[in-house]
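Engineer: kindly generate the corresponding structure for this input.
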Amino acid sequence: MFIPLHDSVALKHMRRAKATTLLLAVTVFLHLVIASEIFGPRGRIDLGFGLIPSVLFGSAILGPDVFHAPAWLTPVTSVFIHGSFWHLAGNMLFLWVFGDNVEDAMGHWQFAIFYILCGAAAGLAFALLYPASQSSLIGASGAISGVAVAYLLMYPKARIVGLLFNILPVSISAATILGLWIAYQVLSALLIQESVVGWWAHVGGIVAGALLLGAFKRREVPLFGNRTE
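Structural biologist: Prediction:
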């Protein structure tokens, strides 16, 4: 396992990654609110605002005692809900390390829209593959997958500093570590039949990120760029 801590790419087009910071702050705030159970048991929030394929496609409905978002909106609301602290921490760490440079390459609003679209596309990919599922899909992993592939396509030669096996400090190229990470998501989706992790949602986010990048990045930012400072 590799924990990314920071990268070698400096911001070029903006002083601060405001959208990345806002998305992170909102996600953490919502997690704390949900964990406090001010608005009811956490499980009901997961049901009401997570993406449930069978509810999204109309073959099932939630009970009247469950406060919920409109089904069509849950591909978006599910992105901001996490099941545990570690689920949240892992996704937000990836957003913090890689999101600022992707935002720098796109612009504030463009990045926010890109992030949400990747997350929604990830959820829809999962729902289309498992349309009868009554499990609630939650988490920003699909959106993070889109951010990760965008970073890889723009900054493959960047150096990522982190902890290998959670202990050893190392510096690894983005092409190596994110390439392996993406391969792991795809292989897990293909090989693991039963899992609490929505691997196909991750793959959906990867595909969405790769397809959307060209439309969202600044024209002057090249793909497969050489800038590593």
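
Engineer: neighbours around Leu11, how many?
Structural biologist: For Leu11, the neighbour count with other Cβ atoms under 10 Å is 13. (Each C-beta comes from the backbone N, C-alpha and C, glycine too.)

Engineer: residues contacting it?
Structural biologist: If you count contacts by Cβ atoms under 8 Å, 6 or more residues apart in numbering, Leu11 has them with 17, 100-101, 104.

Engineer: Ser195 too?
Structural biologist: By Cβ under 8 Å, 6+ apart, the contact set of Ser195 is Ser188.

Engineer: list the residues that contact the nearest residue to Ala17 once chain neighbours are set aside.
Structural biologist: Leaving aside its sequence neighbours, Ala17 sits nearest to Asp100 (Cβ to Cβ, 6 or more residues apart in numbering; 3.5 Å). By Cβ under 8 Å, 6+ apart, the residues touching Asp100 are 11, 17, 20.

Engineer: helix, strand, or coil at His6?
Structural biologist: strand (DSSP: H, G, I helix; E, B strand; the rest coil).

Engineer: so which helix or strand of this structure has the lowest pLDDT on average?
Structural biologist: Least confident helix or strand of the chain, by mean pLDDT, DSSP states H and E, is helix 42-49 with a mean of 87.

Engineer: which strands and helices lie in contact with that helix?
Structural biologist: On a contact count with 3 or more Cβ pairs under 8 Å, 6 or more residues apart in numbering; DSSP states H and E, helix 42-49 meets helix 18-36.

Engineer: please name every helix or strand in contact with the helix it packs on.
Structural biologist: Where contact means 3+ Cβ pairs under 8 Å, 6+ apart, helix 18-36 is packed against helix 42-49, helix 85-106, helix 108-129.

Engineer: and those: which comes nearest Val79?
Structural biologist: Closest to Val79 of the helices and strands packed on helix 18-36 is helix 108-129 (Cβ to Cβ; 3.6 Å).

Engineer: for that closest one, buried residues please.
Structural biologist: Burial within helix 108-129, assessed by neighbour count using 16 or more other Cβ atoms under 10 Å, is assigned to 108, 110-112, 114-127.
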